[in-house]
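Peer 1: Predicted structure and sequence below. I'll ask about it afterward.
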Amino acid sequence: MLNHFLAVFMARNREFFRDTSSWAWNVIFPVMLVVALTFAFSDDNKTLYKVLVLPAVNEAALPDFFATQHIQFIDAGSREEAQLKVERHLVDMLIDLDQRRYLINETNTNGYMLERVLAGTGGADFVKESVSSRAVRYVDWVIPGVMGMNVMFASLFGVGYVIVRYRKNGMLKRLKATPLTAFEFLAAQVASRLWLILLISSAVYAGTNYFLRFTMNGSYLNLFLLFALGAICLISLGLVVAARTSSEELAGGLLNMLTWPMMLLSGVWFSMEGAHPWLQKLAWLFPLTHVTEGARAIMIDGAGLAGIAHHLIFLAVLSALFLALGSKLFRWDQN
Amino acid sequence: MTALLEVRKLCKTYDTLCAVDGIDLTIDGGRCFGLLGPNGAGKTTTVEMLEGIVTPTSGDILYRGKPLGDEFRRRAGIMFQSTALQDFMKVREALQMFAAFYPTTRDIDSLIRQCALGEYLERDVRRLSGGQRQRLLLAIALVNDPDIVFLDEPTTGLDPQARRNFWDLVKQIKAEGKTVVLTTHYMDEAYQLCDELVFMDHGKIIAQGSPRDLLDSCFGDVILTLPCGLVPASLRDALGTCREHDGLLEIASQDVNATLAQLLGAGISLEKLKIRERNLEDLFLELTGRELRH
């Protein structure tokens, strides 16, 4: 059994590494993306100001302030979370209408601007509170999402598309005629893709980190574990997509249908804070959301395993579900 | 003695189409068994059921008296008509990968020699010529030293030299005592290689036997050919069954001396006369009533 697994595993690895254009793209694309984002957002010139409001937005309380354009007012939820967001520069101000207080981050220039706006629009009597913590650069905030997104594309297309191609060109039919079992074949595909993704992701991270020095307040081991589980989950989802189809066009369409919503709604590029609640609930179902949020928690907040346990559990459960479904649905040939 | 492969009342239905309609077959060990028929006759479906690739709708297939299972997969070698191997894979690696799937294998070096792959071992499988590629696929089919080898149209698309080279390989396999199940559209190939033939059409077996027995039972005549212009229409009825084909008149004769005497009596020059025996292509057309559908 191990012989069967290793034969397919090694063959798939060789195929990947010999296809230089493919693996080079797997490395170059995320590096280009990170570098481009670093330059594009180096001045952090957000045009929209974000203000969290406690207990909730109430325009009657400060009509002129709430009427100010280019400021997004968001219901704050819990005070602890809201304060953390001000500390992380995820929002620019927290205002408490009941206690007539506001909180800004001294190192956030937007906070100063909002403070001036508040004073001039009926909030001059509000008591100032402040924190001072280093701004999280956009690149620090975005790198977990970009890495997660790269894992998502490499997992889904790297397994889904490849298996569909094997089925279409008759490779799977030929393997079916041998003592190789479907489990051995699928396990080899998952293992091969998993270690290649982790290898390349580690290389991309190390390479870009050398120049950009990302914020990393947590454990690299935990980050590795999270990405490994995320990759297993997304590879398994790729197996489900590739379980039966022999049409590369259909597989491409299905994979795009899965990747685009995740890319847009999993908080890769911008915080989903303030998005419609049902969009946030939808995003919570996406594996990429858990990879991205978990990685941010590790890298920016220094979260330990306990802090990301809910992400890990969700990814593990989803992986088991997708693996079971993919194995159940899998067909060698086109019948 | 138990047959190597035995088929009972085998059926395969796709929606409303009955591709294979209750066939019975017995394939004995050490023989080359040919499956012939026009396109759509059901032979590919039949052979894929025999290979264990397609599940029958009903009926039984027994290998050494037992249903197809793990033992069959270990002891069967299969060469599909079209099989892609992994991209960027080299010839040696392809052989090694497939060898890893089996508990017992042939010596790879002797297989490489037998299939004349020595010069191409480090070549990407996508860069092989048609003949080299078919030899590699045959080597893969033989890597587990199988009892039974399925060859599905193995020489389609090959040039005459490559085809004859492939025939020699199949003859070597037969000489090693292996059972060969061959599907082909080339009647000369079937005649050269097969000990027993089955003709299929519309999902049923329409004739079965050795090539010689089938020809003898179907035909008692030989074919005389002459250019059409030499034989006047008025004489053709008297000569018996005549058919025009590619500018030649084919005269089916059960008494060659009498036919020749008729032609000479009519003053027809026999300088361009050719006489040939009936062949499997004649039999094919006789049985299926259609032109070959390559």
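Peer 2: Ah, there it is.
Peer 1: Contact partners for the nearest residue to residue A:243 once chain neighbours are set aside?
Peer 2: Once flanking residues are discounted, residue A:243 sits nearest to residue A:329: 3.6 Å by CB to CB, 6 or more residues apart in numbering or on different chains. Any C-beta I mention is one placed from the backbone N, CA and C, and that applies to glycine too. For residue A:329, the contacting residues are A:240, A:243, A:244, by CB atoms under 8 Å, 6 or more residues apart in numbering or on different chains.
Peer 1: my read is the last one is in a helix, agree?
Peer 2: What it means is residue A:244. No. Read with DSSP: H, G, I helix; E, B strand; the rest coil, residue A:244 is coil and lies in no helix.
Peer 1: count of residues packed around the residue lying closest to it once chain neighbours are set aside?
Peer 2: Nearest residue to residue A:244, sequence neighbours excluded (CB to CB, 6+ apart): residue A:331, at 5.1 Å. Using other CB atoms under 10 Å in any protein chain shown, residue A:331 has 14 neighbouring residues.
Peer 1: I figured residue A:331 was touching residue A:243, is that so?
Peer 2: Yes. Counting by CB atoms under 8 Å, residue A:331 touches residue A:243, with 6.8 Å between them.
Peer 1: returning to that earlier point: who wins for neighbours among the contacts of residue A:329?
Peer 2: residue A:240 leads those on contacts (other CB under 10 Å) with 21 neighbours.
Peer 1: Give the buried residues for the helix or strand where that one lies.
Peer 2: Under the criterion of DSSP states H and E, residue A:240 resides in helix A:220-241. Going by neighbour count (16 or more other CB atoms under 10 Å in any protein chain shown), the buried part of helix A:220-241 is A:222-223, A:225-241.
Peer 1: can you pull out the helices in chain B?
Peer 2: Counting by DSSP state H, chain B has these helices, from start to end: B:43-50, B:70-75, B:91-99, B:108-114, B:130-142, B:160-175, B:187-193, B:211-218, B:233-239, B:256-265, B:280-288.
Peer 1: With mean neighbour count, distance to chain A and mean pLDDT added, can I get those in TSV?
Peer 2: TSV is the format used below for the helices of chain B (neighbours: other CB atoms under 10 Å in any protein chain shown; distance: least, CB to the nearest CB, whole Å; pLDDT from 0 to 100):
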stretch	mean neighbour count	distance to chain A	mean pLDDT
helix B:43-50	24	9	92
helix B:70-75	16	5	92
helix B:91-99	21	5	94
helix B:108-114	15	14	91
helix B:130-142	22	8	91
helix B:160-175	16	17	90
helix B:187-193	20	21	90
helix B:211-218	15	28	84
helix B:233-239	12	50	80
helix B:256-265	14	49	87
helix B:280-288	19	27	82
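Peer 1: The ones you listed: which one's closest to residue A:161?
Peer 2: Nearest of the helices of chain B to residue A:161, taken as CB to CB: helix B:91-99 at 20.9 Å.
Peer 1: Show me what the closest one is packed up against.
Peer 2: helix A:2-18, helix B:108-114, helix B:130-142 (3 or more CB pairs under 8 Å, 6 or more residues apart in numbering or on different chains; DSSP states H and E).
Peer 1: so how far is stretch A:86-94 from its chain's centroid?
Peer 2: 21 Å (CA atoms, centre = their mean, to the nearest Å).
Peer 1: Next, the residues that contact that stretch from outside, please.
Peer 2: Stretch A:86-94 has contacts (CB under 8 Å, 6+ apart) with A:49-54, A:74, A:76, A:79, A:82-83, A:85, A:102-105, A:107-108, A:110-111, A:113-115, A:118, A:131, A:133, A:135-136, A:141, A:271, A:273, A:300-301.
Peer 1: Just those: which are in strands?
Peer 2: Counted as lying in strands by DSSP state E, out of those, are A:49, A:50, A:51, A:52, A:53, A:54, A:74, A:102, A:103, A:104, A:105, A:131.
Peer 1: Name the member of those residues with the most neighbours.
Peer 2: Counting neighbours by other CB under 10 Å, the top entry in the ones in strands among the contacts of stretch A:86-94 is residue A:52, with 28 neighbours.
Peer 1: Hmm, residue A:95 and that one touching each other?
Peer 2: Yes. Checked against CB under 8 Å, the pair residue A:52 and residue A:95 is within contact range at 7.3 Å.
Peer 1: Can you give me the neighbour number for the residue in the stretch 51-200 of chain A positioned nearest to chain B?
Peer 2: Relative to chain B, the nearest point of the stretch 51-200 of chain A is residue A:169 (3.5 Å; CB to the nearest CB). For residue A:169, the neighbour count with other CB under 10 Å is 17.
Peer 1: Touching, it and residue B:84? I think so.
Peer 2: Yes. Assessed by CB under 8 Å, residue A:169 is found in contact with residue B:84 at 3.5 Å.
Peer 1: Can you give the distance of the helix holding residue A:240 from its chain's centre?
Peer 2: Taking CA atoms, centre = their mean, one finds helix A:220-241 lying 12 Å from the centre of the chain it belongs to.
Peer 1: Which SSE is immediately downstream of that helix?
Peer 2: For helix A:220-241, the following helix or strand on the C-terminal side (DSSP H and E) is helix A:248-265.
Peer 1: Contacts only, for residue B:36.
Peer 2: Here residue B:36 is in contact with B:43, B:183, B:184, B:185, B:187, B:190, B:197, B:198, B:199, B:200, B:280, B:284 (criterion: CB under 8 Å, 6+ apart).
Peer 1: In a markdown table, list those residues along with distance to residue B:60.
Peer 2: As requested, these are arranged in a markdown table below (distance: CB to CB, whole Å):
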| residue | distance to residue B:60 |
| --- | --- |
| B:43 | 19 |
| B:183 | 21 |
| B:184 | 26 |
| B:185 | 28 |
| B:187 | 31 |
| B:190 | 27 |
| B:197 | 23 |
| B:198 | 17 |
| B:199 | 22 |
| B:200 | 18 |
| B:280 | 30 |
| B:284 | 29 |
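Peer 1: what separates the residue nearest to residue A:243 from residue A:194, distance-wise?
Peer 2: In this view, residue A:329 and residue A:194 are 20 Å apart by CB to CB, to the nearest Å.
Peer 1: what ranges do the helices span in the stretch 1-150 of chain A?
Peer 2: Listed in chain order, the helices of the stretch 1-150 of chain A (DSSP state H, counting those that start in this stretch) span A:2-18, A:20-40, A:63-66, A:79-87, A:109-120, A:138-155.
Peer 1: Contact residues of the stretch 1-150 of chain B facing chain A?
Peer 2: B:51-54, B:70, B:73-74, B:76, B:78, B:80, B:82-89, B:93, B:96-98, B:100-103, B:140 (CB under 8 Å from any CB of the partner chain).
Peer 1: returning to what we had before: what's near enough to touch the residue of the stretch 51-200 of chain A closest to chain B?
Peer 2: Neighbours of residue A:169 in contact, by CB under 8 Å, 6+ apart: residue B:84.
Peer 1: what's the burial count for the residue lying closest to residue B:8 once chain neighbours are set aside?
Peer 2: In space, and not counting its chain neighbours, residue B:8 is closest to residue B:60: 4.6 Å by CB to CB, 6+ apart. Counted with other CB under 10 Å, the neighbours of residue B:60 add up to 13.
Peer 1: per the record, what domains does the chain have?
Peer 2: All of this is about chain A. As assigned by automatic domain parsing, chain A contains the domains A:2-40+A:137-329, A:49-131.
Peer 1: try again with chain B
Peer 2: B:30-37+B:74-216, B:220-277.
Peer 1: From one end of the shortest one to the other, what's the distance?
Peer 2: From the first residue to the last, domain B:220-277 extends over 10 Å; the measure is CA to CA, to the nearest Å.
Peer 1: just the first one next, same as before
Peer 2: As for domain B:30-37+B:74-216, its first-to-last residue distance stands at 24 Å under the measure CA to CA.
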